[in-house]
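Undergrad: please find the sequence and the predicted model below.
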Amino acid sequence: MSARAVTLFLAVCSCYAHKYNDLNVESEFVTEPSKYGSLWPLPQKVQISQTSFKLASLSFTITDAKESSAGPSCILLQNAYRRYYEYMFGGTRRQEPSKSRGTRAPDLPELQVLVTSPHSECDGYPAVASDESYELTVDQPYAVLKAPKVWGALRGLETFSQLVYEDEYGAKSINKTSISDFPRFAHRGILLDSSRHFLPLKVILVTLETMAMNKFNVFHWHIVDDQSFPYLSRTFPQLSQQGAYHPYTHVYTPGDVKMVIEFARLRGIRVIPEFDTPGHTQSWGKGQKDLLTPCYAGASPSGTHGPVNPILNTTYDFMRQFFKEISSVFPDAYVHLGGDEVDFTCWKSNPDIKSFMAQHGFGQDYSKLESFYIQRLLDIVTTTNKGYMIWQEVFDNGVKLKPDTIIHVWKGNQQQYQSEMANVTSAGYQTLLSTPWYVNRIAYGQDWRGFYKADPQDFKGTDQQKKLVIGGEACLWGEYVDATNLSPRLWPRASAVAERLWSPKEVTDVNDAYNRLSAHRCRMVQRGIPAEPLFSSFCPHEYKGI
Ligand SMILES: *[C@@H]1O[C@H](CO)[C@@H](O)[C@H](O)[C@H]1NC(C)=O
Ligand SMILES: *[C@@H]1O[C@H](CO)[C@@H](O)[C@H](O)[C@H]1NC(C)=O
Ligand SMILES: *[C@@H]1O[C@H](CO)[C@@H](O)[C@H](O)[C@H]1NC(C)=O
């Protein structure tokens, strides 16, 4: 997916960057407190007053409201209470505000959580239609967080924790506040690539944790690609045995995958795996004989292989069994089937493919052969009762798609991707945008501002078309990323995308965003995430390393 795009964008030398030359400078960067404090992403409706309450860390509790449909037996919420208590009070010495400073500010002893719908969905999986709305009232005698479902309660807990700050004596404080909130887009994703480099389980879990801090709700797991096949398949163990960088140390076992899915669920995050075919499959070929097309040099096989061989029945038998397994391992209603960047050179060299082309009347149009393959694959996946997401090329090539297919736009410049969004939605398909959000691309300066300004609904189209945009994803392709640099490269740059996808369309004040994002970044640092700085500044609690 990304290799070619990346070479095109290889950064221009930033040799001139010396002292204060910042290519994106629009004004002086002064971190002044925003009237929205450090909230990120900004809620739909916020009112923060000047009245502040002290929180007593020793005695502060997060409790279930009596009428809540998700009571003490809801493990998901109980875990979240512990997690957020730790975020809010864990780093402190757990001191009560000293009595000698008087009792000017009254205490706020408790946050009550009320899940209002009879079906809290505590034991379910989040889905594209999940209700993530919530209402938060911080006032005496106690704060109240109200949400129809547990998913909104999770988002509201994050918001509550973001309202807590330290006063000048280091005492935990919170202002009287009222918030009513819900996401602008239902699909707010992060793509990680565990094929170019293997990503240890821990770095995936840390990413999920940080995603929750940014209210992201989809982990798009680009789990395999040309370079390696770390997914340990029960049905076809040879795939990772032969195709992983190492068959024991560089694989995701069924237990690992389960852990990722449950860890994500507890944070309201869906896991959508991508198994990209027919291109990007070199690693598949090592463990699955005859799956890939033999390339020819003149009249004889050259020994190399191209995309999946679309003319053999065995290919489809394999895909049927493989995706049957995938559909039972991953609970989400969608799988991502890739379909991007298919290189036709090898197909063109192969005499059997050429005669198949002739037989089917495809002429010299190899995209017809690609469509032939994808069509059959989609039919196979449909029988597993999953919906599918695909990269835009599949749509561009005119493959017949189920009406609920989600087209993932990743190519082109702004004008081109906006035209693509218009075309996809005018054909009636739902769509996701990633083109402006390739966070693996790095440049000197504050490129988060560009991420922040891109809006997935900015294209020529009717209101009905705009409604087909279900969100977007920030992509972190793995050519130059492994566990050593993943977090600082991803955060807080991806946080810019998080706000674009959650907050109202009108939230576009980049200076206010800068102030809140600086504080949000420091909060991530305080929570142990090595999120890189936006610009010259400091954090009250600096990163302490590992
Ligand atoms: C919270 O209250 C304090 C003290 O009254 C005030 O200085 C501060 O500006 C308030 N914070 C926000 C975000 O309004
Ligand atoms: C492949 O399957 C098709 C349709 O089921 C059948 O007509 C064809 O003979 C099969 N080809 C081979 C080589 O088995
Ligand atoms: C969108 O469709 C128009 C009309 O068919 C076409 O000219 C244009 O190239 C398409 N845009 C993209 C990005 O493919």
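TA: Okay, I see it. Ligands and ions are numbered 1, 2, ... in the order given.
Undergrad: okay, which residue is most central for the chain?
TA: Ile190 (1.8 Å; C-alpha atoms, centre = their mean).
Undergrad: do you know how far that residue is from Val439?
TA: 9 Å (C-beta to C-beta, to the nearest Å). Placement of C-beta: from N, CA and C, glycine included.
Undergrad: quickly list what's touching both of those two.
TA: 474-476, 490, 494 (C-beta atoms under 8 Å, 6 or more residues apart in numbering).
Undergrad: who wins for neighbours among those residues?
TA: Tallying neighbours with other C-beta atoms under 10 Å puts Ala474 at the head of those, with 28 neighbours.
Undergrad: from Pro540, how far out is that residue?
TA: Relative to Pro540, and taking C-beta to C-beta, Ala474 is found at 27 Å.
Undergrad: how about Leu208?
TA: 26 Å.
Undergrad: what stretches of the stretch 1-150 of the chain score poorly on pLDDT?
TA: The model of the stretch 1-150 of the chain has pLDDT under 70 over residues 1-31, 91-106.
Undergrad: leaving out the residues flanking it, which one is nearest to Leu432?
TA: Once flanking residues are discounted, Leu432 sits nearest to His408: 4.9 Å by C-beta to C-beta, 6 or more residues apart in numbering.
Undergrad: which ones are touching Ile261?
TA: 271, 330-331.
Undergrad: out of the residues you listed, who's nearest ligand 1?
TA: Val271 (35.1 Å; C-beta to the nearest ligand atom).
Undergrad: for the helix or strand harbouring Ile190, list the C-alpha coordinates in PDB.
TA: Using DSSP states H and E, Ile190 sits within strand 187-193. Provided in PDB are the C-alpha atoms of strand 187-193 (Å, rounded to 0.1, in the frame of the first residue of the first chain):
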ATOM      1  CA  HIS A 187     -15.600   5.300  12.200                       C
ATOM      2  CA  ARG A 188     -12.400   6.900  13.700                       C
ATOM      3  CA  GLY A 189      -9.500   4.600  13.100                       C
ATOM      4  CA  ILE A 190      -5.800   4.000  13.400                       C
ATOM      5  CA  LEU A 191      -4.000   1.700  11.000                       C
ATOM      6  CA  LEU A 192      -0.900  -0.100  12.200                       C
ATOM      7  CA  ASP A 193       1.200  -2.300   9.900                       C
END
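Undergrad: show me what it is packed against.
TA: helix 201-213, strand 218-222, strand 469-476, helix 493-502 (3 or more C-beta pairs under 8 Å, 6 or more residues apart in numbering; DSSP states H and E).
Undergrad: apply 6 Å and report the result again.
TA: Contacts defined by 3 or more C-beta pairs under 6 Å, 6 or more residues apart in numbering; DSSP states H and E place strand 187-193 against strand 218-222, strand 469-476.
Undergrad: which of those sits closest to Gln238?
TA: strand 218-222 (21.2 Å; C-beta to C-beta).
Undergrad: before we move on, the earlier item: direction included, what does the strand holding Ile190 pair against?
TA: Applying DSSP bridges, strand 187-193 is found paired with strand 218-222 (parallel), strand 469-476 (parallel).
Undergrad: can you put those strands in a markdown table and add mean pLDDT and distance to Gly545?
TA: Formatted as a markdown table, the strands paired with strand 187-193 follow (pLDDT from 0 to 100; distance: least, C-beta to C-beta, whole Å):
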| stretch | mean pLDDT | distance to Gly545 |
| --- | --- | --- |
| strand 218-222 | 98 | 27 |
| strand 469-476 | 98 | 22 |
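Undergrad: which among those strands is found nearest to ligand 1?
TA: strand 469-476 (27.4 Å).
Undergrad: what angle do the closest one and helix 493-502 make?
TA: In terms of direction (axes from the mean of the first three to the mean of the last three C-alpha atoms, to 10 degrees), strand 469-476 departs from helix 493-502 by 180 degrees.
Undergrad: so after strand 469-476, what's the next helix or strand?
TA: Sequence order places helix 486-490 as the next helix or strand after strand 469-476, per DSSP H and E.
Undergrad: dump that following helix to PDB, restricted to CA.
TA: Extracted C-alpha coordinates of helix 486-490, given in PDB (Å, rounded to 0.1, in the frame of the first residue of the first chain):
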ATOM      1  CA  LEU A 486       6.000   3.900  17.000                       C
ATOM      2  CA  SER A 487       4.500   6.000  19.800                       C
ATOM      3  CA  PRO A 488       6.400   9.300  19.200                       C
ATOM      4  CA  ARG A 489       5.700   9.100  15.500                       C
ATOM      5  CA  LEU A 490       2.000   8.400  16.000                       C
END
